[in-house]
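Asker: when you get a sec, could you give me coordinates for this:
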Amino acid sequence: MTQVAFPKLLSSQIAFDIARTILDGFDKHYRLFRQTSQVAKRHFETGSWAVAQQAARERIGFYDQRVQECVQVLEDEYDNGELTDEVWRELKLHYIGMLSGHKQPELAETFFNSVCCNILHRTYFHNDFIFVRPVVSTEYIETDELLPTYRVYYPAKDGLRFALKRIVTNFQLNCKFANLDRDIALVEGRLKLIFGSEALEPNHQIQVLSSLFFRNKGAYIVGKGINGNREYPFIVPILHNRHGELILDTVLFDHEQITILFSFTRAYFLVDMEVPSAYVQFLRSLLPRKPRSEIYTILGLQKQGKTLFYRDYLQHLKHTADRFEIAPGIKGLVMLVFALPSFPYVFKVIKDFFPAPKETTRAQIKEKYLLVKNHDRVGRMADTLEYSNVAFPLERFSEELIAELMHHAPSLVEYEGDRIIIRHLYIERRMVPLNMFLNKAEVAGNDELIEHGVIEYGNAIKELVAANIFPGDMLYKNFGVTRHGRVVFYDYDEIEYITDCNFRTIPEPRNEEDEMSAEPWYSIGKHDVFPEQFGAFLLGNAKIRLYFMKHHADLLTKDFWQSRKQRIMDGHIEDVFPYPQQIRFCNQTSADNPAVYTPSYLENLHNE
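Answerer: Predicted coordinates:
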């Protein structure tokens, strides 16, 4: 007879109590997280944009606050002598048992890791003590019947237009639509382009996520049409018009447009989710090439995104053999940047010292990166993942890279057997530096690409300005080009709020001596900016100058910057659209559909 080995009975009351404390801490965090997402609906209905932005910023800090609260409780309640290795092992087992039937088990596992990693030494960072691998399945978690993950509609029954109206009205927005029937007809016309004759087939259905996706001044309906094994993703943005009434602005169904909407360069959505893993699964059916880590992040669950990213990174490292090396491009004065050629990300380490003219500190640089993390990135600033005490296999580092690290950042480097530990770093999506993009286009004689790069560069700056961001160092090397051809800013050590800057015109020289002087004859304050000087370091190339002056000459004028600053100080929150302006319904004119909406000054950026 075969004997079955049973695990030892769990007997530690301390382990059970700690597990309960950690799970209670997570449940508090997610309850507050959901409340913020639920209140976003009211902010949207009332057009309380400044309040909504502040709530979104505050939500980003919820996780770390709850982790620190939990750590403080454990440190106050228990002595180190009580917390033996056996207690820590048993603690994890108790915690796993408590997750049975939990609606967010994967997030709770990550919260457990965050608490334990604040207390334990990194030698404990393996699966006996923390969740290096997930344990609880997120498949088929039951949702509340009153708020299922998605709702299903059948156009064949009463027609596509009727189904679409039900979809919109089911969200019960407490705000008047300007002309819902007209907008529904426009949405129907767009969807018929992708559904075709299948729209009225008996087995055709439309699945729509039950919660709206809120971000900035928009709410988004996320759904897909399904017919057999064919799926047709679509997004419908809902906006306010200038009268405060709601409009359906367009339909996004192009894969690239949907990908850009859910980009790593935008702020996190606010979505009320009881079972986040179900939302991730639905979104992955729309974006099958986007990793789950990025989908969790765009839903505002950035800590879960970090956890999954790191697991993916470890798997990639395990199955590859290339070596880390210094990233191509012009070396920065503040950051040492390295990369693994087979991995589409870069690793950024703050140097220990900064040569002139840089006047900053590591603490100030970290504050700049935190500013970007908490700010609306409007599709023009890369999100960063911040890590501490990251272990790399020493054999995978090139000798040149080790020499650079030891020269520029020795305080952040530690050796541990066959591993090299970097105490603090940022990880960002790898992009082609704009200066390299423009140089390559010029060598190839491709004027169209040069013009595209210059247009996108100016658009990026103008959209950053709309979000109250001054890049500081505007050199092309500090901007990258994504695989979708968008230009994105990624060097944050000199970033400032537009409202903190003083935009000036260079005074006329008082005399010949002033005119010939190599040094400024006028006073310059710490936050003074002279836009007319930008051309001296941006427009040395004749072709770049030609296209820049054609599309963005206003960036060289004080009036442009000062007028934008004044609008921000007056309380205006600008529209920055995450999709091309030419697909908006307000740009579609006919006798039955006049273009009644007045575009803001940014609406034509993508048409330039």
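Asker: quick one: buried residues of the helix or strand hosting Phe534?
Answerer: Here Phe534 sits within helix 534-538, counting by DSSP states H and E. Buried residues in helix 534-538, defined by neighbour count with 16 or more other Cβ atoms under 10 Å: 534, 538. The C-beta positions use only the backbone N, C-alpha and C, and glycine is treated the same way.
Asker: what's the first helix or strand after the helix or strand containing Phe16?
Answerer: Here Phe16, judged by DSSP H and E, is contained in helix 13-46. As assigned by DSSP H and E, the chain's next helix or strand after helix 13-46 is helix 49-77.
Asker: moving C-terminal of that following helix, what's the next helix or strand?
Answerer: helix 85-98.
Asker: and that following helix, how far out from the chain's middle?
Answerer: The chain centroid and the centroid of helix 85-98 are separated by 34 Å, computed with Cα atoms, centre = their mean, to the nearest Å.
Asker: over to stretch 552-569?
Answerer: 27 Å.
Asker: same question for it, mean pLDDT?
Answerer: Averaged across stretch 552-569, pLDDT comes to 96.
Asker: quick one: contacts of that stretch?
Answerer: The contact list for stretch 552-569 (Cβ atoms under 8 Å, 6 or more residues apart in numbering) reads 454-455, 457-458, 461-462, 465-466, 468, 498-499, 501, 503-505, 529-532, 534-535, 548, 574.
Asker: what about the nearest residue to Tyr522 once chain neighbours are set aside, which helix or strand?
Answerer: Leaving out its chain neighbours, the residue that sits closest to Tyr522 by Cβ to Cβ, 6 or more residues apart in numbering is Pro507, at 5.0 Å. Under the criterion DSSP H and E, no helix or strand holds Pro507.
Asker: test my guess that Phe177 contacts Gly244.
Answerer: No. Counting by Cβ atoms under 8 Å, Phe177 sits too far from Gly244 to count as a contact (11.2 Å).
Asker: what about these two, which has more around it?
Answerer: Neighbour count, other Cβ atoms under 10 Å: between Phe177 and Gly244, Phe177 has more, with 18 against 12.
Asker: dihedrals phi and psi, Glu416?
Answerer: phi -140, psi 90 (degrees, to the nearest 10).
Asker: for Ile194, same thing?
Answerer: Note on Ile194: backbone dihedrals following degrees, to the nearest 10 are phi -100, psi -30.
Asker: can you give me the neighbour number for it?
Answerer: 15.
Asker: check contacts around it.
Answerer: 225, 232, 234, 253.
Asker: may I see those arranged in TSV, with secondary structure as well?
Answerer: Shown next, in TSV, are those (DSSP: H, G, I helix; E, B strand; the rest coil):
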residue	secondary structure
Gly225	strand
Tyr232	strand
Phe234	strand
Phe253	coil
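Asker: just flag the most distant two among these.
Answerer: Farthest-apart pair in the contacts of Ile194 is Gly225 and Phe253; separation 9.2 Å (Cβ to Cβ).
Asker: overlap in contacts, these two.
Answerer: Residues touching both Gly225 and Phe253 (Cβ under 8 Å, 6+ apart): 191, 194, 232, 234.
Asker: among the residues you listed, who's most crowded?
Answerer: Counting by other Cβ under 10 Å, Leu191 has the largest number of neighbours within the shared contacts of Gly225 and Phe253, with 24 neighbours.
Asker: which residues touch it?
Answerer: Counting by Cβ under 8 Å, 6+ apart, Leu191 has contacts 160, 164, 199, 225, 234, 251, 253.
Asker: doesn't it lie inside a helix?
Answerer: Yes. Counting by three-state DSSP, one finds Leu191 located in a helix.
Asker: so where do the helices sit in the stretch 301-450 of the chain?
Answerer: 302-318, 362-374, 399-408, 434-443, 447-466 (DSSP state H, counting those that start in this stretch).
Asker: as TSV, those with mean neighbour count would be great.
Answerer: TSV is the format used below for those (neighbours: other Cβ atoms under 10 Å):
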stretch	mean neighbour count
helix 302-318	17
helix 362-374	15
helix 399-408	15
helix 434-443	18
helix 447-466	21
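Asker: and those helices: which comes nearest Ile524?
Answerer: Of all the helices of the stretch 301-450 of the chain, helix 362-374 sits nearest to Ile524, with 20.0 Å by Cβ to Cβ.
Asker: what about Met516, neighbour count?
Answerer: 9.
Asker: ok, now Thr169?
Answerer: 12.
Asker: Glu294 now?
Answerer: Using other Cβ under 10 Å, the number of residues around Glu294 comes to 20.
Asker: return the distance of the lowest-mean-pLDDT helix or strand in the chain from the chain's centre.
Answerer: Within the chain, confidence by mean pLDDT, DSSP states H and E is lowest for helix 512-516 among all helices and strands, at a mean of 74. Its chain's C-alpha centre and that of helix 512-516 lie 49 Å apart, by Cα atoms, centre = their mean.
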